[in-house]
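S.K.: here is my input, please return the structure:
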Amino acid sequence: MSTPRPTPARPSYRLAEGDVLDGPGFRALFTEDGTFNDMPNALTFRGDQIPYALSGFAGVFPDVHRELLGVHAAGDVVAVELRIQGTHLGAFPTPIGDIPPTGNRIDVPTADLWYLRDGKIERFNCYNAANVLLAQTGATPDFASAIEAARTTATGAPQSGH
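M.R.: Residues are numbered from 1 along each chain as shown. Down below sits the predicted model:
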């Protein structure tokens, strides 16, 4: 097991808290060409776009808190196990429209990988359990539509009565 050591990871989480939300301070922890990658949603924020990753999430969960369970460094790689917590108080954007605020609490298991260069974050990959987040906000999967779409794709025609 690796020994925790000082990294930009710990202070960055404080800068991303809902009661602090310091986008410019968070950005300053990254290299000039650094990236923040929201892996479950296939979104990449580069350079000066990085603070938008924080403000967008905080707009939906304004009391966002990240409970750090473990921070481990191995060379220039930092692995962080955490839980993202908050209350769904803002509109949650989706490709087909916004999910209105529900007031539901979220507690989402997450793993972050930080790749450092010269003591700054070059690449941040966030792997959160998006299915857990959606379920906790009340957005459950529409399996019937998924099955119908798969059948249509496989046969070239809509199926009925299945």
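S.K.: same for the longest strand along the chain, what does it pack against?
M.R.: Longest strand of the chain, by residue count under DSSP state E: strand 105-117. Strand 105-117 is packed against strand 77-87, strand 120-128, helix 130-136, with contacts defined by 3 or more C-beta pairs under 8 Å, 6 or more residues apart in numbering; DSSP states H and E. C-beta coordinates here come from the backbone N, C-alpha and C atoms, glycine included.
S.K.: which parts of the protein are strands?
M.R.: Along the chain, counting by DSSP E, strands occupy 30-38, 43-46, 65-74, 77-87, 92-94, 97-99, 105-117, 120-128.
S.K.: show the low-confidence segments of this structure, by residue range.
M.R.: Applying pLDDT under 70 to the chain picks out residues 1-9, 157-162.
S.K.: run a quick neighbour tally on Ala42.
M.R.: Ala42: 7 surrounding residues under other C-beta atoms under 10 Å.
S.K.: likewise the one 3 residues further on?
M.R.: Counted by other C-beta under 10 Å, the residues lying close to Phe45 total 20.
S.K.: would CSV of the helices and strands packed on strand 105-117 with mean neighbour count and distance to Arg151 be doable?
M.R.: CSV is the format used below for those (neighbours: other C-beta atoms under 10 Å; distance: least, C-beta to C-beta, whole Å):
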stretch, mean neighbour count, distance to Arg151
strand 77-87, 19, 35
strand 120-128, 19, 31
helix 130-136, 16, 23
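S.K.: among the ones you listed, which is nearest Asp38?
M.R.: Counting by C-beta to C-beta, Asp38 lies closest to strand 120-128 out of the helices and strands packed on strand 105-117; the figure is 5.6 Å.
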